[in-house]
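> got a sequence here, can you model it:
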Amino acid sequence: MTRLFSLFAGIALLLAPFPALAKAPESASPALWVVKDADTTIYLFGSVHVLKPGTLWFDDEVKAAFDASDELVLEMVEPPAPEMAKVMGELGMATDGKPLSEKLDATARAKYLAAMADAGIPWQGFERFQPWMPGVMLSVMPLVKGGYLAEEGVEKILSAAAATAGKPVIGLETASEQLGYFAGLPEAQQIAFLNETVNGLPKADAEFANLIKAWKAGKPDSLGRQMNRSLEATPELAQVLLFGRNAKWADWIANRLEKPGTLFIAVGAGHLAGPRSVIADLSDRKIAVKRVTARDFKQK
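Next up is the predicted model:
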């Protein structure tokens with residue numbers, strides 16, 4: 001559940017637009033935490049980068065924490081489309097000249113081509129790209145078909161609210177850094193990621209729905225258990241995309257506590273769940289992390 005879901009969901013919509021079905025509004029109570037010292041308060045919120053219309057989450061303690069903050073911090077501040085396209089082209093293109101489909105064994109190739117055809121994506125257009133590119137593209141297609149929209153995602157809503165309130169928005173990473181995590185993987189690991197994505201497509205929508213259910217209910221432990229199961233097949237990728245970044249962000253938060261102010265940080269919910277999450281890394285650094293409820297703001 002990285003920020004790249006939002007990016008590639010947008011691309012997927014251009015390739016194969018699926019209408020989102022209207023539904024009655026549904027209230028959600030996602031988890032929120034706070035880290036503070038004498039002059040610094042940092043709220044930590046687990047985001048979902050794509051959501052279905054009608055999900056009501058930006059209220060109660062989440063809205064109160066955001067309103068009380070001076071600054072919004074996201075995984076990445078999305079750059080203009082031309083800049084993003086340039087970064088994707090530079091980092092996604094393979095340099096060995098060998099077509100992508102020829103890098104897969106016969107069984108994996110047949111499954112890959114069938115998956116691309118089923119998603120309505122012309123596989124020929126990815127022949128000169130690294131394997132991670134179609135892997136991420138395919139991973140978001142079930143979400144797009146299921147009616148999830150990047151425009152309804154947490155980052156889009158928070159960014160718009162920050163713009164309205166005049167709050168500065170900064171990113172923990174750049175677009176080049178985020179895409180670079182994939183591009184920097186050895187080709188064998190990229191192929192393993194692509195194959196695992198293809199094999200998991202039949203159950204992807206149901207698994208993501210379970211993650212959303214845990215997020216809405218404010219149950220990070222359940223979300224973390226599901227995330228851990230999904231990462232078992234690609235532990236190297238988990239280290240690069242999840243655990244290594246969690247440690248870096250925990251360091252960033254620890255350092256930021258030395259500067260006064262109030263921040264609202266929103267990163268993918270998977271980064272705040274599980275035994276090697278940002279929350280766990282902060283606890284290992286002897287930094288107290290407290291779960292926040294609406295009652296905490298009513299008492300002020």
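
> any idea which helix is longest in this protein?
Ranked by residue count, the top helix of the chain under DSSP state H comes out as helix 187-216.

> show me what counts as buried in that one.
Along helix 187-216, these residues count as buried under the neighbour rule (16 or more other Cβ atoms under 10 Å): 189-195, 197-198, 201, 204-205, 208, 211-212, 214-216. Bear in mind the C-beta positions are built from the backbone N, C-alpha and C, glycine included.

> so how far is Glu173 from the residue lying closest to Ser27 once chain neighbours are set aside?
Residue nearest to Ser27 in three dimensions, not counting chain neighbours: Leu56, with 4.9 Å by Cβ to Cβ, 6 or more residues apart in numbering. Leu56 sits 29 Å away from Glu173, going by Cβ to Cβ, to the nearest Å.

> those two: who's more crowded?
Set Leu56 next to Glu173 and count neighbours by other Cβ atoms under 10 Å: Glu173 wins out with 19 against 12.

> for the more buried one, give me its contacts.
Glu173 makes contact with 75-76, 245, according to Cβ atoms under 8 Å, 6 or more residues apart in numbering.

> now with 6 Å?
75-76 (Cβ atoms under 6 Å, 6 or more residues apart in numbering).

> kindly provide the distance from it to Arg225.
Counting by Cβ to Cβ, the gap from Glu173 to Arg225 is 26 Å.

> before we move on, what about Asp37?
Remark: distance between Asp37 and Arg225 (Cβ to Cβ) = 31 Å.

> starting at the chain centroid, how far to stretch 65-78?
16 Å (Cα atoms, centre = their mean, to the nearest Å).

> could you report the distance from Lys36 to Asn246?
As defined by Cβ to Cβ, Lys36 lies at a distance of 20 Å from Asn246.

> got it, and Ala204?
23 Å.

> Arg276: what's it in contact with?
Applying Cβ under 6 Å, 6+ apart, we find Arg276 in contact with Phe243.

> what do you get if the cut-off is 8 Å, keeping everything else the same?
Counted by Cβ under 8 Å, 6+ apart, Arg276 has contacts 242-243, 246.

> and it, backbone torsions?
As for Arg276, its main-chain torsions (degrees, to the nearest 10) stand at phi -120, psi 30.

> how near is it to Glu75?
Arg276 sits 17 Å away from Glu75, going by Cβ to Cβ.

> before we move on, what about Gly97?
Gly97 is 33 Å from Glu75, by Cβ to Cβ.

> the more surrounded of these two?
Legend: neighbour count by other Cβ under 10 Å for Gly97 and Glu75, higher for Glu75 (24 against 6).

> let me see the residues that make contact with the helix or strand where that one lies.
Assigned by DSSP states H and E, Glu75 belongs to strand 71-76. Outside strand 71-76, the residues that touch it by Cβ under 8 Å, 6+ apart are 2-3, 66, 155, 158-159, 162, 167-175, 177-178, 261-268.

> mind giving me the PyMOL select for the residues you listed, buried ones only?
In PyMOL syntax, the buried subset of the contacts of strand 71-76 is picked out as below (16+ other Cβ under 10 Å):
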select buried, resi 2+3+66+155+158+159+162+167+171+172+173+175+178+262+263+264+265+266+267+268
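
> from the contacts of strand 71-76, which ones fall inside strands?
Counting by DSSP state E, the members of these that fall within strands are 169-173, 261-268.

> can I take it that Ser29 is in a helix?
No. Counting by DSSP: H, G, I helix; E, B strand; the rest coil, Ser29 falls outside a helix, being coil.

> how is Trp33 assigned, secondary-structure-wise?
Following three-state DSSP, Trp33 is assigned to strand.

> isn't it right next to Ile279, touching?
Yes. Between Trp33 and Ile279 there is a contact under Cβ atoms under 8 Å: 6.5 Å.

> the more surrounded of the two?
Ile279 (25 against 20).

> contacts only, for Pro186.
Per Cβ under 8 Å, 6+ apart, neighbours of Pro186: none.
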